[in-house]
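Novice: I would like to see how this sequence folds:
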Amino acid sequence: MEYSKLISVTGLGGLFEMIASKTDGAIVRSLDDKTSKFISSRQHSFSHLESIEVYTQHENVNLIDIFKSMDASSEQLPSEKDAAAIKKYFEKVYPEMDFDRVYSSDMKKMVRWFGILKANAIELKLSNEEAAAEVADENEADAVTVAAVSEPEKPKKKAAKKKDAE
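Specialist: As a prediction, the model looks like this:
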């Protein structure tokens, strides 16, 4: 399962894997109980985890950066029910977070979602990170090829404009 296929659905708890997209909704699989169902886009909104950003003291960061910090931390995950413990946890794990603009309900969601990601052994990796790595590898190979064969090009001459004969 890929991180890029995970979504959050308004009004429904937990995380879902998008199986198929339709014009009037999507077929999703719950990561909690592995059930598949159709969710109407008329009643619910979908948010890809890759597109969610979190307020910080400086620039907004992608949610995956928070998850990676949580993964690298040796701190014990707090209970989802204790808002004060969750805030203290994030003050240690990601102190740059803007705690005035990130609500405790959002932090609770992050803890819950991180637990779901860990339980399902999902690799924390953005899809554009994979694409960027592939492009960098291709660019390196192209740079070597270009350096070996490149010769200075002569500027091309512009074609003279024809005058209309009257």
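
Novice: Does the residue positioned nearest the centre of the chain belong to a helix, a strand or coil?
Specialist: Closest to where the C-alpha atoms of the chain average out (C-alpha atoms, centre = their mean) is Glu50, at 2.0 Å. Using DSSP: H, G, I helix; E, B strand; the rest coil, the structure places Glu50 in helix.

Novice: which residues touch it?
Specialist: Residues in contact with Glu50 (C-beta atoms under 8 Å, 6 or more residues apart in numbering) are 3-4, 62, 64, 126-128. To be clear about C-beta, it is placed using only N, CA and C from the backbone, and glycine gets the same treatment.

Novice: how near is it to Gly115?
Specialist: 19 Å (C-beta to C-beta, to the nearest Å).

Novice: pLDDT below threshold where in the chain?
Specialist: Within the chain, the ranges that satisfy pLDDT under 70 run 128-166.

Novice: can you tell me the helix or strand for Trp113?
Specialist: helix 104-119 (DSSP states H and E).

Novice: contact partners of that helix?
Specialist: Applying C-beta under 8 Å, 6+ apart, the set of residues contacting helix 104-119 is 3, 8, 13-15, 31-32, 49, 54, 63, 66-67, 70-71, 77-78, 80, 83, 86-87, 89-90, 124.

Novice: Quick check on those: which are buried?
Specialist: By neighbour count, with 16 or more other C-beta atoms under 10 Å, those hold 3, 8, 15, 31, 49, 54, 63, 66-67, 70, 77-78, 86, 89-90, 124 as buried.

Novice: Show me these that map onto helices.
Specialist: 63, 66-67, 70, 86, 89-90 (DSSP state H).

Novice: And those, which is closest to Gln43?
Specialist: Leu63 (24.0 Å; C-beta to C-beta).

Novice: Not counting sequence-adjacent ones, nearest residue to that closest one?
Specialist: Ile52 (4.3 Å; C-beta to C-beta, 6 or more residues apart in numbering).

Novice: doesn't Asn62 make contact with that neighbour?
Specialist: Yes. If you go by C-beta atoms under 8 Å, Ile52 and Asn62 touch, sitting 7.3 Å apart.

Novice: For these two, indicate the residue with more neighbours.
Specialist: More neighbours surround Ile52 than the other of Ile52 and Asn62, with 18 against 15 (other C-beta atoms under 10 Å).

Novice: so who does Ser127 touch?
Specialist: 2-4, 50.

Novice: one more time with 7 Å
Specialist: Ser127 makes contact with 4, 50 under the criterion C-beta atoms under 7 Å, 6 or more residues apart in numbering.
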